[in-house]
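In: Next input, structure requested:
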Amino acid sequence: MPRAGISISRSTAAIAFAAAIMSSSSSTRENAFVHALSMMSGGISDRSVVVGLNAAFQKRFILPPSTPLSPGSVHRADAVEEGLGGKGQDVAVTLRHLWPEAQSRPLALAQFVGTGPGGDAVMSLLADTLGEGGAWDALTVRTKSAMRTCTSIVGSDSTTELVEPSGVIDEEEMQTLLGRIDGLASSGDESLGAAALCIMGSMPPGCPDDTYGSLCSAISADQTLVVVDSVIGLKPLLASLKEKRDSDSYKGGAVLKINASELCRLAGVTQSGSSEADGVSLDELKEAVSSFSSQYSASDALDYMAITDGRHPAHLVKVQDSSMYKLGVVDLTSDQTLYPIGAGDSVAAGTLAAWLNLRSEDASPLDGACRSALAKWRDDISIEGGDESLRDILTAFAFGLSCGSASCLQQENSVVATKDVLGLLGKMPCPSVC
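Out: Take a look at the predicted model:
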């Protein structure tokens with residue numbers, strides 16, 4: 001990997017990538033991919049990595065206006081659209097809309113993409129969305145199994161999601177991914193690691209339970225900001241985060257972003273509402289946080305928990321002292337059709353993007369309007385004791401929630417318009433202590 005002060009031309013990197021693609025030897029191809037990525041954009045230390053292993057091809061079956069979905073009935077689509085659907089892909093899409101210049105914040109997407117027309121379509125859509133120059137696909141592995149398809153049925157009053165099972169990942173495919181990451185992360189410099197890491201969603205069958213923990217150990221370092229939006233393999237992942245936190249030179253941070261109902265299930269807390277849409281009461285939420293923290297030794301691994309609850313208020317928990325803060329969300333109720341699939345992934349992406357900005361504004365790829373809005377929102381927060389890190393993450397989570405709401409206004413999964421995000425952020429009340 002190039003050392004600081006050594007410049008490698010874009011044309012040289014392009015030649016290396018061409019060699020990777022055209023090589024007939026799989027081992028040579030893997031080495032070429034790692035070598036090419038290491039030459040682009042300064043290596044992994046300034047790169048954001050999204051781990052979302054369970055990629056998907058998305059189809060949207062859109063019913064005619066004013067037509068609700070009626071189970072058992074025949075429906076004729078008004079339109080059928082294709083797009084990206086895996087949680088990791090959704091995060092990458094939101095980040096690229098927040099960071100429109102590919103080189104301003106290099107982005108790599110670690111995922112398994114299946115074979116066939118669906119997999120080819122996913123790769124083409126990602127190339128169109130994420131753009132040239134970011135080496136986003138250097139951690140993407142094509143598999144022998146077919147690409148899964150997720151189908152959204154968009155009615156006038158709700159959206160229903162049908163999710164196909166994923167193909168099994170074999171040992172060779174897993175080792176291919178680990179080999180690329182190990183090659184990227186190995187440099188003899190123990191402080192080398194991604195600036196930001198986002199771990200998203202489920203894993204395909206065939207992935208060991210400690211896969212996310214192993215990837216976290218390989219990719220992150222003392223300064224890495226980590227957002228986790230997954231409960232799969234959670235204990236090994238938390239163990240990996242604890243190992244990082246135990247370092248004397250640790251300067252990073254870790255947030256678990258989780259849905260309130262999912263947290264209650266993990267913690268064994270029964271909800272009083274008849275469905276998830278009814279939300280979780282504050283007493284139930286506090287009980288779930290306490291039980292989860294005890295069962296999973298959360299204070300050893302996490303700094304914060306960012307808890308969403310659909311249209312109900314979100315909450316941020318400072319894990320070390322269990323203090324809790326309520327963040328209201330903007331009511332999107334209107335006559336227009338909303339597209340909520342992928343909104344939670346946009347929350348994770350927006351939170352990470354804003355957190356990076358607030359940690360290092362000079363190097364932020366967010367545009368000036370976003371930076372100004374974040375600074376103003378942050379200044380308006382009153383924190384007893386002047387906890388600046390808490391002020392940062394409350395602001396970042398508010399920005400993430402605004403991204404999630406903004407994505408509901410767009411038909412494509414996790415696409416956001418900056419003007420929508422800033423408009424919604426401006427309507428959010430300041431957080432309050434629970």
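In: From Glu262, how far off is Pro165?
Out: Separation of Pro165 from Glu262 (CB to CB, to the nearest Å) stands at 20 Å. Backbone N, C-alpha and C define where each C-beta goes, glycine included.
In: now Met324, nearest residue through space, not along the chain?
Out: In space, and not counting its chain neighbours, Met324 is closest to Cys434: 4.2 Å by CB to CB, 6 or more residues apart in numbering.
In: go on, Ile307?
Out: Using CB to CB, 6+ apart, the nearest residue to Ile307 is His315, at 4.6 Å.
In: what sits against that neighbour?
Out: 260, 285, 307, 309, 324-327, 434 (CB atoms under 8 Å, 6 or more residues apart in numbering).
In: Would you agree it falls within a helix?
Out: No - assessed with DSSP: H, G, I helix; E, B strand; the rest coil, His315 is strand; it does not lie in a helix.
In: What's opposite it in the beta bridge?
Out: Note on His315: beta-bridge partners by DSSP bridges are Ile307, Lys326.
In: contacting residues for the residue nearest to Met324?
Out: Neighbouring residues of Cys434 by CB under 8 Å, 6+ apart: 282, 286, 315, 324-326.
In: I'd like to know how far it sits from Ser323.
Out: Taking CB to CB, one finds Cys434 at 8 Å from Ser323.
In: cool, and Glu243?
Out: Applying CB to CB, the value for Glu243 to Ser323 is 25 Å.
In: Need the contacts of Cys434 in TSV (columns: distance to Thr159).
Out: What follows is the contacts of Cys434, written out as TSV (distance: CB to CB, whole Å):
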residue	distance to Thr159
Leu282	28
Lys286	31
His315	25
Met324	30
Tyr325	30
Lys326	27
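In: Tell me the one of the residues you listed nearest Trp355?
Out: Nearest to Trp355 among the contacts of Cys434: Tyr325, at 15.5 Å, using CB to CB.
In: sec struct for Gly404, please.
Out: Of the three states, Gly404 takes helix under three-state DSSP.
In: what's near enough to touch it?
Out: 308, 343-344, 346-347, 350.
In: Would you mind listing where this protein has pLDDT under the threshold?
Out: Counting by pLDDT under 70, the chain has low-confidence residues at 1-45, 102-104, 132-134, 184-192, 335, 361-363.
In: Now the residue most central in space within it: closest residue in space, sequence neighbours ignored.
Out: For the chain, the residue sitting closest to the mean C-alpha position, by CA atoms, centre = their mean, is Val91 at 4.2 Å. For Val91, the nearest residue in space outside its immediate sequence neighbours is Ala349; the separation is 4.4 Å by CB to CB, 6+ apart.
In: Please apply the same query to Thr67.
Out: Ser156 (5.6 Å).
In: got a list of what that neighbour touches?
Out: Shown in contact with Ser156 (CB under 8 Å, 6+ apart): 63, 65-68, 337.
In: Buried among the residues you listed? Need that as a selection in ChimeraX.
Out: Here is the ChimeraX command that selects the buried residues among the contacts of Ser156 (16 or more other CB atoms under 10 Å):
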select :63,67,337
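In: Out of the contacts of Ser156, flag the one nearest to Thr211.
Out: Thr337 (37.1 Å).
In: how about the helices in the protein?
Out: Here the chain has its helices, by DSSP state H, at 10-22, 26-38, 87-98, 116-130, 171-185, 211-219, 234-245, 260-267, 282-296, 343-359, 368-379, 388-407, 418-427.
In: Buried residues of the shortest one, list them for me.
Out: Pointing back at helix 260-267 there. 260-261, 263-264, 266-267.
In: swap in the last one?
Out: Judged by neighbour count using 16+ other CB under 10 Å, the buried positions of helix 418-427 are 418, 420-422, 424-425.
In: ok, residues contacting it?
Out: With contacts defined as CB under 8 Å, 6+ apart, helix 418-427 is touched by 97-98, 330, 350, 367, 369-370, 373, 377, 398-399, 402-403, 405-406, 409.
In: rewinding a little: out of the buried residues of helix 260-267, which comes closest to Thr140?
Out: Closest approach between those and Thr140, by CB to CB: Leu266, at 29.8 Å.
In: quick one: contacts for the closest one?
Out: Contacts here follow CB under 8 Å, 6+ apart; on that basis Leu266 touches 231, 234, 258, 288, 292, 295-296.
In: quick one: Leu327 from Ile307, how far?
Out: Distance from Leu327 to Ile307, by CB to CB: 10 Å.
In: and the two? which has more neighbours close in?
Out: A count of neighbours by other CB atoms under 10 Å puts Ile307 above the other of Leu327 and Ile307, at 24 against 21.
In: Excluding chain neighbours, what is closest to Ala77?
Out: Sequence neighbours aside, Phe61 is the residue nearest to Ala77 in space, at 5.0 Å (criterion: CB to CB, 6+ apart).
In: Isn't the one you found up against Val154?
Out: Yes - here Phe61 reaches Val154: they are 6.9 Å apart, a contact under CB atoms under 8 Å.
In: what about these two, which has more around it?
Out: For Phe61 versus Val154, the count of surrounding residues by other CB under 10 Å is larger for Val154: 24 against 20.
In: For Leu327, give its distance to Ala314.
Out: 5 Å.
In: anything in contact with each of those two?
Out: With CB under 8 Å, 6+ apart as the test, Leu327 and Ala314 both reach 397, 401.
In: Identify the residues contacting the nearest residue in space to Cys207 that is not next to it in sequence.
Out: Closest residue to Cys207 apart from its sequence neighbours, by CB to CB, 6+ apart: Ile169 at 5.6 Å. The contact partners of Ile169, by CB under 8 Å, 6+ apart, come to 53, 112, 143, 145, 204-207.
In: Give me the buried subset of the residues you listed.
Out: 53, 112, 143, 145, 204, 206-207.
In: Output the contacts of Ile169 in JSON lines, with distance to Leu238 appended to each entry.
Out: Below are the contacts of Ile169 laid out as JSON lines (distance: CB to CB, whole Å):
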{"residue": "Leu53", "distance to Leu238": "18"}
{"residue": "Phe112", "distance to Leu238": "23"}
{"residue": "Thr143", "distance to Leu238": "28"}
{"residue": "Ser145", "distance to Leu238": "29"}
{"residue": "Pro204", "distance to Leu238": "21"}
{"residue": "Pro205", "distance to Leu238": "22"}
{"residue": "Gly206", "distance to Leu238": "22"}
{"residue": "Cys207", "distance to Leu238": "17"}
